[in-house]
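Novice: structure for this input, please:
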Amino acid sequence: MTAARGWRQYPYMSPDRRKLAIVARFELAEALRSRLVVVVLCLYGLGAAFGAFAFVKTLNAAEGGVREAAERTMSAHDLPQGNLQREAISQMLSHFVADKELLADLLSVDPLALFYGFMALQLVAPFVLLTSAGAHARDLRRGSTRFVLTRCDRLTWALGKTLAHGVLLGVGLGVSALTTAAVGLWLGRFDALSVFWLGRAALRALMYGLAYLGIFSGVSLAVRAPGPALVSCVVAMFGLWFAHGLTRWAWLGQQLPGLRFLGWLFPAQYQELLWSPSWLVSGLAALALLAIGSAALAGGQWSFRRADA
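Specialist: Numbering: from 1, shown residues only. Model (predicted):
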């Protein structure tokens, strides 16, 4: 007996790939029918447009402040535009990045792509919460889903829905990156060659968002009631943020020396590592985020498998 045939004896451990694709395709079609796709496009696209516009205006103001300060000591004609922009960005980033080596690396990135990457990492979890939290629990209340579960094992159904929402997340981030580039080109603050940096930033946000998608899907599968599932997802998101903040509290770390190691269990711990110029470091951070999301999804699926649909 081959390994593949052996796994098929345990449908709760090995999904049917054909049915997985069918469930994902049906979920995406349902997203189109229910206009969830429109919500995703508006949420990510309009958010990126307003954010990029506000950032460019803020950057212009910051450069103006740097120019005024520099004009007191030298002629305005001796001020290189590139140095002005670099100094303005450095002043803005110093409030968020403590690592000087990482700060130096970030200064080489296009400013608008840098802003997009930072905001995408901060907002992707709430956006996933708004668009995907409680999706599994809502469908379990429908008669059609109960019928589907008579033709499809629970793992395949759960993974299919999660895969579809992962595609929606990727589409939303792609639209937001393109919108940011369009606004930057319109305002004359973006080089077309910097699309590469925007692509990397969107990929970082996708890895981070998939971790929370796995967490919210796992919670939804475990709770299985639409209202309580949504509330539980909100509590889970803020609880993870609060708990991670405790692991980085210096005073508490002195009282509990091993506390800082628990920080690696939280997605927020990997945000800064995703920015690393080393592909190895950022790749390992992405794998860790996928592992966190997969573990949460597996926990929810275990609870779902043991309960009545």
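
Novice: pLDDT below threshold where in the stretch 1-150 of the chain?
Specialist: Scanning the stretch 1-150 of the chain for pLDDT under 70 picks out 1-13, 62-108, 143.

Novice: all helices of it, in order?
Specialist: 3-7, 17-33, 36-70, 81-93, 100-106, 111-132, 135-140, 143-151 (DSSP state H, counting those that start in this stretch).

Novice: could you give the angle of the third one to helix 17-33?
Specialist: Spelled out, that is helix 36-70. 70 degrees (axes from the mean of the first three to the mean of the last three Cα atoms, to 10 degrees).

Novice: the last one now?
Specialist: Note on geometry: by the same axes, to 10 degrees, helix 143-151 and helix 17-33 are set 170 degrees apart in direction.

Novice: other SSEs contacting helix 143-151?
Specialist: helix 154-186 (3 or more Cβ pairs under 8 Å, 6 or more residues apart in numbering; DSSP states H and E). In short, each C-beta sits where N, CA and C put it, glycine included.

Novice: my guess is Gly166 contacts Leu210. True?
Specialist: Yes. Using Cβ atoms under 8 Å, Gly166 is in contact with Leu210, at 6.0 Å.

Novice: neighbour count for these two, which is higher?
Specialist: More crowded of Gly166 and Leu210, by other Cβ atoms under 10 Å: Leu210, with 24 against 20.

Novice: give me the buried stretch members for stretch 288-300, please.
Specialist: By neighbour count with 16 or more other Cβ atoms under 10 Å, stretch 288-300 contains the buried residues Ala288, Leu289, Ile292, Gly293, Ala296, Leu297, Gly299, Gly300.

Novice: adding distance to Gly253 and pLDDT, write those out as CSV.
Specialist: Converted to CSV, these look like this (distance: Cβ to Cβ, whole Å; pLDDT from 0 to 100):
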residue, distance to Gly253, pLDDT
Ala288, 21, 97
Leu289, 23, 97
Ile292, 21, 97
Gly293, 26, 97
Ala296, 25, 97
Leu297, 30, 96
Gly299, 28, 96
Gly300, 31, 95
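
Novice: now stretch 251-270: average pLDDT?
Specialist: Stretch 251-270 shows a mean pLDDT of 89.

Novice: between the two ends of that stretch, how far is it?
Specialist: One end of stretch 251-270 sits 22 Å from the other (Cα to Cα, to the nearest Å).

Novice: just how off-centre is it within its chain?
Specialist: In terms of Cα atoms, centre = their mean, to the nearest Å, the centre of stretch 251-270 is found 22 Å from the chain centre.

Novice: and that stretch, which residues are buried?
Specialist: Buried residues in stretch 251-270 (16+ other Cβ under 10 Å): Gly263, Phe266, Pro267, Ala268, Gln269, Tyr270.

Novice: now swap in stretch 47-63 and tell me
Specialist: Those would be Gly47, Ala48, Ala49, Gly51, Ala52, Phe55, Val56, Leu59, Ala62, Glu63, for stretch 47-63 by 16+ other Cβ under 10 Å.
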